[in-house]
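> dropping the sequence and predicted coords here.
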Amino acid sequence: MGIELLTFLGLALLAEGVLFAVFPKALLRMMAEMSQIAPERLRMMGLVSAVIGTAVLFILVRALGGTLGFAGLRALIGTVV
């Protein structure tokens, strides 16, 4: 499980880094707009995103027969594509 967590963190940092490298001005505008949103609303948006993400992962685990790993995700992507 440790290697999967590190892989996930690496992929998250990679995605964020690419976004900042490709769209720096757009991300700065987005951060400026988000600074105007009330903290309570941002918290609610974060909670809703976390619930949706958990539901998506739960559905993926159920679709893969109780396993969620890179091999299982590759198999799922293979069935979709």
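Good, I have the coordinates. Numbers count the residues shown, from 1 in each chain.

> may I ask which helix or strand of the protein has the lowest mean pLDDT?
One helix or strand of the chain scores below all others by mean pLDDT, DSSP states H and E: helix 70-80, with a mean of 65.

> need the pLDDT of the residue located most distally from the centre of the chain.
For the chain, the largest distance from the centre (Cα atoms, centre = their mean) belongs to residue 36, which lies 23.4 Å off. On pLDDT, residue 36 comes in at 95.

> where does it land in three-state SS?
Secondary structure for residue 36, judged by DSSP: H, G, I helix; E, B strand; the rest coil, is coil.

> and it, its phi and psi?
Main-chain torsions, residue 36, degrees, to the nearest 10: phi -90, psi -10.

> which ones are touching it?
Residue 36 makes contact with no residue under the criterion Cβ atoms under 8 Å, 6 or more residues apart in numbering. (Glycine included, C-beta is placed from N, CA and C.)

> any regions of this structure where pLDDT drops low?
Residue ranges of the chain with pLDDT under 70: 1, 64, 66-81.

> what's the distance between the residue farthest from the centre of the chain and residue 42?
According to Cβ to Cβ, to the nearest Å, residue 36 and residue 42 sit 10 Å apart.

> this completes my enquiry, with thanks.
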